[in-house]
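>>> no sequence for this one, just the structure:
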Ligand SMILES: [Zn+2]
């Protein structure tokens, strides 16, 4: 800090000069006062140089607390890069969709992995955020029981740009009982041929809901079809490698193909899906996304997904999943903070090999969410799904949701839910309070 | 055995798809002009001034849209993946939407820290840099300083100079062209600035209220006195108690102008205006806020015409 103090003293003195001269000058310069005009020009130049210096100081301060490192050798585009790298220094996870997590602080240098101390370490700190998710529920659900009050999840996000070639994202999910690495991965952003790769543990790109963290969902719980066919709340979330690329397409159409390979373990005891019995039992996902702006305020998003892995039924039994997801969004740009609508749905087919015979289950949800005012949202969801291992047991449900945002960083939500499991009727009322601390996250799309 | 072969077939299909995609897509090398994408229209307008026909410029946000809340639509990725240079406002203005777009663009050139990423805030005079600790009790504050810095013609000149230097670095063959265009722009801007200063001179020291804290640099340049905001805290919508306080303050200070960005609801400003006899002025924070305003010059022409008219009729 001392360093900057002395640097700042120079502009302070320089700044005083033009202020004084401006007052002294009094009237604006006229053409017949060349001295005055020349003086004004000089002042302007001085001011510009001060502003430029201040800008450089801001950059030095924010991008690298240790100024010595700036002078040191750097990879690739040294001087250019350090000149260009001011900016959105902090950033990250308040409510980021995992598929599109935010970027972070600018580092033009070699990553200082762990070594830096003191103030340097502080400037290199990643962006940290914490999201609390409290749920209260009323009503008795014998199939999927929930406590009256629970601190459902506390999600710690740690995110940073690693270097100009990669960024890292960690999301640790603290339940009331234990901790779970929800996601932890590196994203390689500077690969050739427009490829973007992820390595680590992350939510699989099967449809939409599977990619989303709890706190970005438009509901308190997940749709029945996710619970029955796609491993419930955890979803397909596994260690592996992902590669995605934007494909050439007719003008105005966005197409992206994603391929992912995982170890092959997904789901929990309540919602089992894949299991790796040996190292070759990897699971995989392929996802094709197509998107188009219909107008500047309306757009359509379509996806097709396929996934397979070895099922919990045994080492020789495969499960195949097929999915179609669709979303229609409307948000008038001139009033974008007040009104919007999102209609979305997913259709999922499961083909589970088991004894005595393969089960082919189908499920879907369809939902709509309308933003009434800057802070108010109302929505509904219809659910219907077979069960993965008993395809002709059909569960159905309907939910109504009301959401209020006191600010961008907290959210209160109520949800009434009716579910019919086979012929058992369940009525439930949920209340959720979510709050986010720390770094500002990207808004989910 | 059978299991493995089935799986490798799947992998092969995926790999082929990705490679085919890679081969079919055009590469940036064939484009002679520099492709510049800016986050806002104002930066696009300044880039056009210095870049001329040697660059293609496109803005992500529209001029009539709240730049804090742009959606990270995939269609923007189509622009970003072809970009040689991305120019951002910085200071966390685009924090909610630009970072995921950069990550997903698959474009190494524009990653933060790479050559093709330019944060324009480094060139501008930045106001309202918070001192000490910042908490969100103060609302959605911009902890690095106020990012609405482009509405000061002096900053416009500085940003344009920074962009011209950047373009000259990236396209050395046209370096002299960009510098020449900058000098020409500077000359025209200085002349315009003198005119704007003269037009606004009678109203120096006039008190105004703004909706969001979008005008500190404009107010500083033209010596307006911003006494309050319709938002109780940045990013927090108006509350009845704050509105009441603001009405009292405006009456006490005899403030007759409420400046509102085109993307905010006019209900609260209008009710404040009724109570205080003030006038609501929907000014343009950005180029493209209305169809006729397509350049940086027209932006000031438009706003200053509005303001001087409003000042005349309110005192
Ligand atoms: Zn702002």
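Okay, I see it. Here the structure is a predicted model, which means the values were calculated and not measured. Residues are numbered from 1 along each chain as shown, chains lettered A, B, ... in the order given.
>>> helix, strand or coil for residue A:429?
Here residue A:429 is recorded as strand under DSSP: H, G, I helix; E, B strand; the rest coil.
>>> apologies, that question was intended for residue A:147.
coil.
>>> what's the burial count for the closest residue in space to residue A:153 that isn't next to it in sequence?
Leaving aside its chain neighbours, residue A:153 sits nearest to residue A:133 (4.4 Å; criterion: CB to CB, 6 or more residues apart in numbering or on different chains). (Glycine included, C-beta is placed from N, CA and C.) If you count neighbours by other CB atoms under 10 Å in any protein chain shown, residue A:133 ends up with 21.
>>> likewise residue A:143?
Residue A:143 - counted by other CB under 10 Å - has 12 other residues nearby.
>>> correct me if wrong: residue B:163 contacts residue B:55.
No. Assessed by CB atoms under 8 Å, residue B:163 is found out of contact with residue B:55, at 9.6 Å.
>>> between those two, who's got more neighbours?
Neighbours per residue (other CB under 10 Å) separate residue B:163 from residue B:55, with residue B:163 holding more: 27 against 21.
>>> residue contacts, residue A:215?
Counting by CB atoms under 8 Å, 6 or more residues apart in numbering or on different chains, residue A:215 makes contact with A:95, A:131, A:133, A:153, A:155, A:434, A:436.
>>> what helix or strand is the last one on?
Read that as residue A:436. strand A:424-438 (DSSP states H and E).
>>> give me the buried positions along that strand.
Of the residues in strand A:424-438, those buried under the neighbour-count criterion (16 or more other CB atoms under 10 Å in any protein chain shown) are A:426, A:428, A:430, A:432, A:434, A:435, A:436, A:438.
>>> contacts only, for the fourth one.
Read it as residue A:432. Taking CB under 8 Å, 6+ apart as the test, what residue A:432 contacts is A:133, A:134, A:135, A:136, A:152, A:220, A:411, A:412, A:413, A:414, A:415.
>>> hmm, back to that, beta partners for the residue nearest to residue A:153?
Residue A:133 has these beta-bridge partners by DSSP bridges: residue A:153, residue A:434.
>>> could you verify my assumption that it touches residue A:430?
No. With contact defined as CB under 8 Å, residue A:133 and residue A:430 do not form a contacting pair (11.6 Å).
>>> what is the neighbour count of residue 200?
Answering for chain A, as no chain was given. There are 17 residues near residue A:200, going by other CB under 10 Å.
>>> correction: the question concerned chain B.
Residue B:200, neighbours per other CB under 10 Å, totals 20.
>>> how much space between it and residue A:224?
Using CB to CB, to the nearest Å, we find residue B:200 at a distance of 62 Å from residue A:224.
>>> ok, now residue B:39?
40 Å.
>>> list residues touching both of residue B:163 and residue B:55?
residue B:47.
>>> ok, now which ones touch the closest residue to residue A:317 other than its chain neighbours?
Spatial nearest neighbour of residue A:317, excluding adjacent residues (CB to CB, 6+ apart): residue A:353 at 4.0 Å. Taking CB under 8 Å, 6+ apart as the criterion, residue A:353 is in contact with A:311, A:313, A:316, A:317, A:318, A:319.
>>> residues contacting the fifth one?
By CB under 8 Å, 6+ apart, the residues touching residue A:318 are A:308, A:309, A:310, A:311, A:353.
>>> domains in chain B, by residue range?
B:28-195, B:200-313 (automatic domain parsing).
>>> check chain A too.
According to automatic domain parsing, the ranges for chain A are A:2-108, A:127-438.
>>> between those, which has the poorest mean confidence score?
Lowest mean pLDDT within the domains of chain A: domain A:2-108, at a mean of 54.
>>> circling back to that earlier point, next, format the domains of chain B as a markdown table and append distance to residue A:264 and mean pLDDT.
Formatted as a markdown table, those follow (distance: least, CB to CB, whole Å; pLDDT from 0 to 100):
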| stretch | distance to residue A:264 | mean pLDDT |
| --- | --- | --- |
| domain B:28-195 | 26 | 92 |
| domain B:200-313 | 44 | 94 |
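>>> in three-state terms, label the closest residue to residue B:168 other than its chain neighbours for me.
Once flanking residues are discounted, residue B:168 sits nearest to residue B:175: 3.6 Å by CB to CB, 6+ apart. At residue B:175 the chain is in helix, as set by three-state DSSP.
>>> just the one 3 residues further on next, same as before
Using three-state DSSP, the structure places residue B:178 in helix.
>>> is it in contact with residue B:51, as I believe?
Yes. Between residue B:178 and residue B:51 there is a contact under CB under 8 Å: 6.8 Å.
>>> intersection of neighbour lists for the two?
Contacts common to residue B:178 and residue B:51, judged by CB under 8 Å, 6+ apart, are residue B:167.
>>> how near is the residue nearest to residue A:153 to residue A:166?
29 Å.
>>> of all the residues in stretch A:333-348, which ones are buried?
A:333, A:335-338, A:340-348.
>>> which residue packs closest to residue 288, ignoring adjacent ones?
Going with chain A. residue A:304 (4.9 Å).
>>> wait, I meant chain B there
residue B:63 is the one closest to residue B:288 (CB to CB, 6+ apart), at 2.6 Å.
>>> ok, residue A:238 next?
Here the residue nearest residue A:238, using CB to CB, 6+ apart, is residue A:262, at 3.8 Å.
>>> surely residue A:209 meets residue A:216?
No. With contacts counted by CB under 8 Å, residue A:209 stays clear of residue A:216, the gap being 10.1 Å.
>>> show me which of these two is the more surrounded one.
Under the criterion of other CB under 10 Å, the comparison of residue A:209 against residue A:216 puts residue A:209 first, with 23 against 17.
>>> how about that one, phi and psi?
Per-residue torsions, residue A:209: phi -60, psi -40 (degrees, to the nearest 10).
>>> state the distance from it to residue A:328.
Taking CB to CB, one finds residue A:209 at 16 Å from residue A:328.
>>> what of residue A:132?
Counting by CB to CB - residue A:132 and residue A:328 are separated by 31 Å.
>>> residues touching the residue nearest to the spatial centre of chain B, list them.
Centroid-nearest residue in chain B: residue B:40, 4.3 Å away (criterion: CA atoms, centre = their mean). Applying CB under 8 Å, 6+ apart, we find residue B:40 in contact with B:59, B:60, B:61, B:63, B:67, B:89, B:150, B:286.
>>> what number of residues lie near the fourth one?
Looking back up the chat, that one is residue B:63. For residue B:63, the count of nearby residues is 25 (other CB under 10 Å).
>>> how about it, secondary structure?
With three-state DSSP as the criterion, residue B:63 reads coil.
>>> tell me where the stretch 51-200 of chain B has strands.
B:55-59, B:85-88, B:117-119 (DSSP state E, counting those that start in this stretch).
>>> so how far is the last one off the chain centroid?
Just to be clear, that refers to strand B:117-119. Its chain's C-alpha centre and that of strand B:117-119 lie 13 Å apart, by CA atoms, centre = their mean, to the nearest Å.
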